[in-house]
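> fold the following for me, if possible:
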Amino acid sequence: MGDTARLVNIAREAGLRVATAESCTGGMLAAAITETPGASSVFEWGVVTYANAAKRSLLGVSAESLDAHGAVSEEVAAEMARGARDRSGAEIAISITGLAGPGGSDHKPEGRVCFGVATRNGIATETVEFGARGRDTVRALSRDRAIALVIAAIEAQARP
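Reported below is the predicted structural model:
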């Protein structure tokens, strides 16, 4: 069983719904989940907020966070995940925001991706430095990491 099939199966068994908020992956995570038969029973919705204005209007990310930390930050990833969970009604929401490349800077290098996971227990974030491995590779690795984070969140929520 592939990881997305596992995600769908354990979410269904736990009675949990999932929402996604993506930036650099442009909907790859939502597409991967919804390619799985039965996904409609657990996937609430996904939104691609590539522009900062979309992050603000669709997910409620604050202009202050964007100004202070930039779109590629754990602060913004947390606000994206919170906004997706609150607005979708899903029990678990995952966000992805990063620099897939090419480009970057010393302060925010290519391959840096921030994730947020919002559940009833709060919000967790992490940053992964995938490195300058090429846009397609960074995006695919980001999608795969997000799937693993959602699976871990579902497993944590399903525990009594």
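> what's the burial count for residue 64?
9 (other CB atoms under 10 Å). Placement of C-beta: from N, CA and C, glycine included.
> list the contacts of it.
With contacts defined as CB atoms under 8 Å, 6 or more residues apart in numbering, residue 64 has no neighbours.
> quick one: it is in a strand?
No: going by DSSP: H, G, I helix; E, B strand; the rest coil, the assignment for residue 64 is helix, not a strand.
> any idea how far it lies from residue 129?
In this view, residue 64 and residue 129 are 26 Å apart by CB to CB, to the nearest Å.
> need phi/psi at residue 27.
phi 100, psi 0 (degrees, to the nearest 10).
> which residues does the closest residue to residue 95 other than its chain neighbours contact?
Closest residue to residue 95 apart from its sequence neighbours, by CB to CB, 6 or more residues apart in numbering: residue 80 at 3.5 Å. Contact partners of residue 80, counting by CB under 8 Å, 6+ apart, are 21, 23, 49, 55, 59, 61, 95, 97, 116.
> switch to 6 Å and redo it
21, 59, 61, 95, 116 (CB atoms under 6 Å, 6 or more residues apart in numbering).
> which of those residues lies closest to residue 88?
For these, the residue nearest residue 88 by CB to CB is residue 21; the value is 9.0 Å.
> pretty sure the closest one sits against residue 95.
Yes: taking contacts as CB atoms under 6 Å, residue 21 lies within contact range of residue 95: 4.2 Å.
> immediately after the helix or strand hosting residue 29, which helix or strand?
With elements taken from DSSP states H and E, the one containing residue 29 is helix 28-34. Downstream of helix 28-34, the first helix or strand assigned by DSSP H and E is strand 43-48.
> for that following strand, output the C-alpha coordinates as CSV.
Extracted in CSV, the C-alpha atoms of strand 43-48 (Å, rounded to 0.1, in the frame of the first residue of the first chain):
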residue,chain,number,x,y,z
PHE,A,43,-10.3,14.8,2.0
GLU,A,44,-12.2,18.0,2.8
TRP,A,45,-10.5,20.5,0.5
GLY,A,46,-7.2,21.9,-0.6
VAL,A,47,-6.1,25.4,-1.5
VAL,A,48,-3.1,26.7,-3.4
